[in-house]
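Asks: Sequence plus the predicted model coming up.
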Amino acid sequence: MRHETAADEIQLRDHEDSREAVSPSAPRYSRRLSDKILIAFHQACDQSDFEVADRLLHILEIMVTRRPLTPDGNRRRNMEGLVAAHERLWYLRHPNSFER
């Protein structure tokens, strides 16, 4: 008998949901890779792992600033997310910068 963890249960539910909601011609993944990297960045910040957050931010920067593979019109939103991520990491690394 196998004991499932919460992560296993979530993965199973996500897999079942994706099978129901996705048509055969739809893409397999529901989020863009850049969105997943941004989520991982915020998780690293939440866990105070600033080295990992910095590396993820660098990868995200490469993805956002390179020439787009397809014109999706999200470039401005992506850049705003990148700037906000840089600001968050800076504030986390300099918590006493704006105390009065």
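Replies: The structure has been received and is ready for your questions.
Asks: and the longest helix seen in the chain, what does it pack onto?
Replies: Determined from DSSP state H, the single longest helix within the chain is helix 75-93. If contacts are counted by 3 or more CB pairs under 8 Å, 6 or more residues apart in numbering; DSSP states H and E, helix 75-93 sits against helix 33-46, helix 50-65. Placement of C-beta: from N, CA and C, glycine included.
Asks: Please list the outside residues in contact with the longest one.
Replies: Residues external to helix 50-65 that are found in contact with it (CB atoms under 8 Å, 6 or more residues apart in numbering): 33-34, 37-38, 40-41, 44-45, 75, 78-79, 81-82, 85-86, 89, 92-93.
Asks: Convert stretch 79-99 to CSV, retaining C-alpha atoms only.
Replies: What follows is stretch 79-99, C-alpha atoms only, in CSV (Å, rounded to 0.1, in the frame of the first residue of the first chain):
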residue,chain,number,x,y,z
MET,A,79,9.1,43.4,-18.5
GLU,A,80,6.9,44.9,-15.7
GLY,A,81,7.0,41.5,-13.9
LEU,A,82,10.8,41.4,-14.3
VAL,A,83,11.2,44.9,-12.9
ALA,A,84,8.9,44.1,-10.0
ALA,A,85,11.0,40.9,-9.3
HIS,A,86,14.3,43.0,-9.3
GLU,A,87,12.7,45.4,-6.9
ARG,A,88,11.5,42.7,-4.6
LEU,A,89,14.9,41.1,-4.4
TRP,A,90,16.6,44.4,-3.8
TYR,A,91,14.3,45.3,-0.9
LEU,A,92,14.8,41.8,0.6
ARG,A,93,18.5,42.3,0.4
HIS,A,94,18.4,45.8,1.8
PRO,A,95,15.7,45.7,4.5
ASN,A,96,16.8,48.8,6.4
SER,A,97,17.3,51.1,3.4
PHE,A,98,14.2,53.1,3.9
GLU,A,99,13.7,53.2,7.6
